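Novice: The sequence isn't on hand, but the structure is:
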């Protein structure tokens, strides 16, 4: 059974700092991995999707990497801003059950002024 | 920008009552999903739906749950006889044919008393 873990559970950084969020998964036979952002009381917003054959994806200040063989992904946020404060979730899917996402525990990020 | 909408935003019900949670997926999307998030826990997959039938479901999605696309725009989740442990945030999501990114709605917070 796939287990997805994210560390740290919470992180507080001053504005402007670069930061890395970590995601690990126990079954490396994934189809893709997605990073989401969740704001309090709101839904999930997809940030980046990495196919299993890819190593990384970039969108603006965000860069996600994937090391499938070691069961790890990182989300790098450059020059953090207070508006980046949210919970960040990673989720994986598997071949044959590609519509089913298995989510991680999340990292709650606070960017302070 | 098109978005997934859900109604109601909050629902309080008595144990044993039936509830119907409603979702309007993005209009050109053909794949639909329900997830739930119990307070403080991970987001969990419930069910995916395509071409008017369930394509995948989790162990959580037992006989108490059902989904329906009653018309061309709505997608509903029915819980026949709610239990205390059904209290959670329920998220609807949708995706396009050939695309893996899932777009989530803002959620319905269900409280069973």
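Specialist: Good, I have the coordinates. Because the structure is predicted, anything quoted here is derived from the model rather than measured. Numbers count the residues shown, from 1 in each chain, chains lettered A, B, ... in the order given.
Novice: From here on, just use CA atoms for contacts and neighbour counts.
Specialist: OK.
Novice: near chain A, anything from stretch B:19-30?
Specialist: No: using Cα under 8 Å from any Cα of the partner chain, we find that stretch B:19-30 stays clear of chain A, coming within 12.0 Å at best.
Novice: Tell me which residues of that stretch come out buried.
Specialist: Across stretch B:19-30, burial judged by 16 or more other Cα atoms under 10 Å in any protein chain shown covers B:19, B:20, B:21, B:22, B:23, B:24, B:25, B:26, B:29, B:30.
Novice: In helices, which of these fall?
Specialist: If you go by DSSP state H, these have nothing in helices.
Novice: Point out the residues in chain A that sit beside chain B.
Specialist: Within chain A, the positions near chain B by Cα under 8 Å from any Cα are A:34, A:41-46, A:49, A:97-106.
Novice: from these, which would you call buried?
Specialist: For the residues of chain A next to chain B, a neighbour count by 16+ other Cα under 10 Å gives the buried set as A:34, A:42-46, A:49, A:99-106.
Novice: which residues of chain A fall in helices?
Specialist: In order along the chain, chain A carries no helices (DSSP H).
Novice: which residue does it bring closest to chain B?
Specialist: Using Cα to the nearest Cα, residue A:43 is the residue of chain A that sits closest to chain B, at 3.9 Å.
Novice: does the spatially closest residue to residue B:90 that is not a sequence neighbour sit in a helix, a strand or a coil?
Specialist: Take residue B:90 and drop its neighbours on the chain: the residue closest to it by Cα to Cα, 6 or more residues apart in numbering or on different chains is residue B:36, 4.3 Å away. In three-state terms, and counting by DSSP: H, G, I helix; E, B strand; the rest coil, residue B:36 is strand.
Novice: All set, thanks.
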